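**Q** Below are the sequence and a predicted model; questions follow.
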Amino acid sequence: MERVILHSDLNNFYASVECLHQPELQGKPVAVGGSVERRHGIILARNTIAKNFGIKTGEAIWQARQRCPGLIVTPPDYGKYIRFSKLAREIYRDYTDKIEAFGIDENWLDVTDSTRLFGDGEHIAHEIRRRMRAETGITVSVGVSWNKIFAKLGSDLKKPDDVSVISPDNYKQRVWPLPAKELLYVGPSTRRKLAKIGLYTIGDIAAVSPAVLTGLLGKWGEYLWSFANGLDTTPVSILGTESMIKGIGNSMTTPRDLENNEDVKMLFYVLSESVAERLRSHCFKGSTVQIHVRDRDLVTIDRQAPLNTHTFVSSEIAEKAFEIFLKNWTWDKPIRSIGVRVTDLVIPDGCTQLSLFDADNRRLKKELLEKCIDDIRSRYGHYSTQRALMLKDTELNANPIEENVIFPVSYFR
Ligand SMILES: [Mg+2]
């Protein structure tokens with residue numbers, strides 16, 4: 001029997017929750033702003049009215065205000081968002097226990113077994129949509145398909161408060177004309193590589209021989225090809241279990257050999273920044289750091305060590321990587337290539353997120369700061385903000401970082 005997978009995405013989540021809690025905000029342009037420092041506040045989320053003013057997630061609050069002087073900016077309150085996230089999951093639980101979170105506001109549901117009781121996937125999706133609005137006051141958009149990749153894509157097609165079905169009969173019309181970046185895990189770097197060989201749409205990826213993609217992206221190319229053709233078979237994990245991604249890492253062959261600890265430390269920071277950025281963009285934290293170091297004669301070491309806590313903070317990853325390095329490297333030869341990877345990933349759910357609030361404030365600040373840096377970079381480019389440490393050697397720092405493979409768990413079984 002073909003699977004029935006839903007992907008349910010709470011619309012404008014932070015802003016919707018704020019509007020519910022502050023009725024005086026109804027009907028007004030509202031944004032949630034992450035103002036670690038007030039002068040550098042960034043828009044984290046906005047409601048539909050603010051969106052219609054052209055206000056974008058990631059832009060500076062002062063700029064947003066120029067376009068929309070009446071904009072109301074309210075600070076984020078993650079405790080509230082976690083409560084709503086749980087409320088939403090309680091509704092999902094009436095239909096299945098196969099619920100997999102993807103960030104705080106998105107979930108995949110495998111409702112295959114409940115279709116006998118509740119009707120087909122589309123019917124269940126509409127029921128969830130109506131209940132969400134009635135029982136929590138916020139809206140969802142739901143994608144319905146036979147695999148996770150297309151279900152996720154479907155939830156982006158019509159929003160807010162709507163359902164899109166991607167079936168074996170319509171995916172060639174609905175999915176294939178979309179730009180490649182709409183496919184889950186196609187980031188800016190992969191998108192550029194694909195465009196270089198003339199692949200712009202999901203249909204382009206589906207039509208090319210998988211060998212071409214493997215040549216371009218390694219093993220990951222094969223997965224993309226299967227995703228584009230609707231052949232993804234990764235399961236929806238049972239509520240509270242591990243994510244479908246095993247680890248996120250980056251490595252690079254350096255433009256010149258590394259000769260000393262200072263060089264290595266800087267590169268660990270460069271690599272950890274991009275690793276941390278990708279952890280955050282996929283809403284993951286990890287608790288193990290792995291390093292990979294290869295010298296000029298291709299002698300390689302791979303070592304790992306656990307962190308005290310799950311993290312997506314780049315400095316914590318970089319410091320641990322450097323610590324592992326100091327313990328294990330004897331400097332017989334200069335280094336040619338180096339990598340950092342974070343594994344044992346979890347999606348921060350209620351429990352781990354909560355510890356973030358009652359634990360030390362410093363940690364929360366670090367996390368918020370890094371999220372703001374993501375926002376700035378998504379708007380102004382990666383090099384718009386840099387650690388002072390990295391300005392020391394622009395030659396090393398300017399080297400483009402390889403995009404690393406993300407491993408869906410099922411491919412390792
Ligand atoms: Mg959302």
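**A** Sure, I can see it. Numbers count the residues shown, from 1 in each chain.
**Q** mind listing the helices for the stretch 201-350 of the chain?
**A** Remark: helices assigned in the stretch 201-350 of the chain by DSSP state H, counting those that start in this stretch are 202-207, 210-217, 219-228, 261-281, 314-328, 350-358.
**Q** residues touching whatever residue of the stretch 51-200 of the chain ends up closest to the ion, list them.
**A** Taking C-beta to the ion, the ion has its nearest neighbour within the stretch 51-200 of the chain at residue 105, 4.1 Å off. Yep, even glycine has a C-beta here, placed from its N, CA and C like the rest. Going by C-beta atoms under 8 Å, 6 or more residues apart in numbering, residue 105 touches 9-10, 13, 81, 85, 88.
**Q** In these, which residue is surrounded by the most others?
**A** When neighbours are counted by other C-beta atoms under 10 Å, residue 88 leads the contacts of residue 105 with 26 neighbours.
**Q** Residue 304: what's it in contact with?
**A** 288-291, 324, 343.
**Q** Tell me what it is bridged to.
**A** Note on residue 304: beta-bridge partners residue 290, judged by DSSP bridges.
**Q** Residue 248 and residue 29: what is the separation?
**A** From residue 248 across to residue 29, the span is 35 Å (C-beta to C-beta, to the nearest Å).
**Q** actually residue 320, not the one I wrote
**A** 42 Å.
**Q** just residue 268 next, same as before
**A** 42 Å.
**Q** Could you check which of the two has the larger neighbour count?
**A** The neighbour count for residue 268 versus residue 29, taken as other C-beta under 10 Å, is higher for residue 268 (26 against 23).
**Q** thought residue 251 was touching residue 335?
**A** No: using C-beta atoms under 8 Å, residue 251 is not in contact with residue 335, being 11.7 Å away.
**Q** What is the most widely separated pair among the contacts of residue 304?
**A** For the contacts of residue 304, the farthest-apart pair by C-beta to C-beta is 324 and 343; their separation is 13.2 Å.
**Q** more crowded one of the two?
**A** Counted by other C-beta under 10 Å, residue 324 and residue 343 do not tie: residue 324 has more neighbours, with 20 against 17.
**Q** Hmm, residue 289 and the more buried one touching each other?
**A** Yes: using C-beta under 8 Å, residue 324 is in contact with residue 289, at 6.7 Å.
**Q** Quickly list what's touching both of these two.
**A** The contact sets of residue 324 and residue 289 overlap at 304-305 (C-beta under 8 Å, 6+ apart).
**Q** mind listing what's buried in stretch 321-335?
**A** Using 16 or more other C-beta atoms under 10 Å as the test for burial, stretch 321-335 gives 321-322, 324-325, 329, 335.
**Q** Ends of it, what's the gap?
**A** End-to-end distance of stretch 321-335: 15 Å, with C-alpha to C-alpha, to the nearest Å as the criterion.
**Q** how deep is the closest residue to residue 316 other than its chain neighbours tucked in, by neighbour count?
**A** Computed as C-beta to C-beta, 6 or more residues apart in numbering, the closest residue to residue 316 that is not its neighbour in sequence is residue 307, at 6.6 Å. For residue 307, the neighbour count with other C-beta under 10 Å is 18.
**Q** List the residues that contact residue 307.
**A** 286-289, 316-317, 320 are the contacts of residue 307 under C-beta under 8 Å, 6+ apart.
**Q** Farthest-apart pair in the residues you listed, please.
**A** Spatial extent of those (C-beta to C-beta) is set by the pair 288 and 316 at 12.2 Å.
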